[in-house]
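Engineer: Predicted structure and sequence below. I'll ask about it afterward.
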Amino acid sequence: MVSRRKTSDVIIEGSIALFNQSGVSEVTTNHIAQHLDISPGNLYYYFANKEAIVRAIFAQIQSQVETLWNEKDKPALFLLADYVNVVFNIIFGYRFFFAELTLILRRDDKLRADYIRLQSRFKVELAELFLQLKTAGILRGLEEPSQRMAMANSVWIVTIYWHSYLESAPDKNQPSRELLNHIIFLLKPYIEALYLDVVQGIFTSFLEARGQ
């Protein structure tokens, strides 16, 4: 039976677990209700359909991302650590969303519009982070705003489409370390030598926290 926690939260949590395990396309609202040991009618009281559940899950993702923009007065390395922890916890915690991103957005115009808005702002904010890291002497190069935006776009593409890539990779179970290594590979030519170990340590700390 569902615990005494807020029922809508329990439904969202259970849906994430099932979606991550089997994929959105393979999971129905009946599967979710059965998994949570509630009636379909009880589920429909909170969510009219599976798309409504996915929207609620995206709202969680959006809320977590937006926490990054509430404390911009931190030192640049602390901001970088926040980005690594928040973004990659989202990427691995909601992996179904990114593995099936194109299909999910194609089915829901409103969600697609919300996602595009979040994507656009995230890349602007990430480019701003690169400027802060450059100003602090941690990054070199990336002199022009267009260069910082291009780097933000590259990091975004590799990160967001990692799980989609794994769907066609020989080994779908590549560890989180592989994705973070790709991000480090993109950034390494621009990291000042004095800070290279520090930046790599931020990524390593995330992996250690995940037991990898």
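Structural biologist: It's in. Numbers count the residues shown, from 1 in each chain.

Engineer: What residues of the helix or strand of the chain with the lowest mean pLDDT count as buried?
Structural biologist: In the chain, the helix or strand scored least confidently by mean pLDDT, DSSP states H and E is helix 162-166, which has a mean of 81. Applying a neighbour-count criterion of 16 or more other C-beta atoms under 10 Å, one finds 162-163, 166 buried in helix 162-166. Placement of C-beta: from N, CA and C, glycine included.

Engineer: what helices or strands is it leaning on?
Structural biologist: helix 95-99 (3 or more C-beta pairs under 8 Å, 6 or more residues apart in numbering; DSSP states H and E).

Engineer: What helices and strands are in contact with the helix it packs on?
Structural biologist: helix 7-22, helix 50-66, helix 162-166.

Engineer: from the chain's centre, how far out does that helix sit?
Structural biologist: 9 Å (C-alpha atoms, centre = their mean, to the nearest Å).

Engineer: Give the rounded mean pLDDT of the following helix or strand past that helix.
Structural biologist: Toward the C-terminal end, the helix or strand that comes next after helix 95-99 (DSSP states H and E) is helix 101-106. When pLDDT is averaged along helix 101-106, the result is 92.

Engineer: which residues touch residue 112?
Structural biologist: Neighbouring residues of residue 112 by C-beta atoms under 8 Å, 6 or more residues apart in numbering: 105-106.
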